[in-house]
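**Student:** I'd like to go over a predicted model; first the sequence, then the structure.
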Amino acid sequence: MPRIILGESKSQTIRKFRRNSLEADALLLLIDLDKPEEEREKDLITNDLLHVDNIFYMIQEMEAWFISQPEKLDFYFGKKVSAKLTKRPPKEIADPKAELKRATKDSNCGKYDEIKHAVGLLKLLDPQKLETDFVDFKDLIDKLRE
């Protein structure tokens with residue numbers, strides 16, 4: 001079973017990844033890109049990760065995964081949250097977290113909060129759809145299946 005080590009920020013998560021004593025092949029780094037997908041290589045260079053294996057990005061943030069499955073948001077938040085979301089593809093939303101907070105501000109569960117809502121939402125997501133919609137998610141699942 002994988003062990004998950006969380007960081008409070010992207011930079012802290014990367015530092016923890018680098019300092020871990022496990023075999024390099026046993027380590028996986030899952031971080032937010034916080035930029036358009038086209039800037040992946042630039043981000044790898046900026047964070048000195050260009051030649052590091054097992055880096056997987058959430059494009060832009062994990063909230064993009066939630067927005068990609070609006071029916072799950074409607075189920076979880078109890079209102080037609082999906083009708084309040086921008087019609088742009090999730091990968092093109094500059095700040096998915098802010099978009100989700102805006103769309104859920106009047107929901108039955110209250111405004112989206114990463115700490116309160118993320119785990120519950122992650123459990124609802126259709127992984128096959130995520131594999132289709134987000135190449136890094138597919139790559140991560142393939143790596144975990146190895």
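**Tutor:** Everything's here; your move.
**Student:** how deep is the closest residue in space to E92 that isn't next to it in sequence tucked in, by neighbour count?
**Tutor:** Leaving aside its chain neighbours, E92 sits nearest to P36 (7.5 Å; criterion: Cβ to Cβ, 6 or more residues apart in numbering). C-beta: built from backbone N, CA, C; applies to glycine. P36 has 13 neighbours, counted by other Cβ atoms under 10 Å.
**Student:** what does the model give P36 for pLDDT?
**Tutor:** Looking at P36, its pLDDT reads 85.
**Student:** can you check L6 too?
**Tutor:** Confidence score, pLDDT, at L6: 70.
**Student:** Tell me, how many residues neighbour the closest residue to L28 other than its chain neighbours?
**Tutor:** The shortest distance from L28 to any non-neighbouring residue, by Cβ to Cβ, 6+ apart, is to N54 (4.8 Å). N54 is flanked by 16 other residues according to other Cβ under 10 Å.
**Student:** Isn't N54 up against E146?
**Tutor:** No: using Cβ atoms under 8 Å, N54 is not in contact with E146; the gap is 10.6 Å.
**Student:** gap between F17 and E63?
**Tutor:** 22 Å (Cβ to Cβ, to the nearest Å).
**Student:** What of E23?
**Tutor:** E23 is 32 Å from E63, by Cβ to Cβ.
**Student:** What lies in contact with whichever strand or helix holds L122?
**Tutor:** Element membership for L122 (DSSP states H and E) is helix 114-124. Residues outside helix 114-124 that contact it (Cβ atoms under 8 Å, 6 or more residues apart in numbering) are 62-63, 65-66, 69, 72-73, 75-76, 97, 109-110.
**Student:** 10 Å instead?
**Tutor:** 61-63, 65-66, 69, 71-73, 75-77, 97, 100-101, 104, 107, 109-112, 130 (Cβ atoms under 10 Å, 6 or more residues apart in numbering).
**Student:** how much distance is there from that helix to the middle of the chain?
**Tutor:** Computed by Cα atoms, centre = their mean, to the nearest Å, the chain-centroid distance of helix 114-124 equals 11 Å.
**Student:** tell me the contacts of the nearest residue to L73 once chain neighbours are set aside?
**Tutor:** In this structure, L73 finds its nearest non-sequential neighbour in V81, 4.5 Å apart by Cβ to Cβ, 6+ apart. Listed by Cβ under 10 Å, 6+ apart, the contact set of V81 reads 66-67, 70-75, 100, 102-109, 112.
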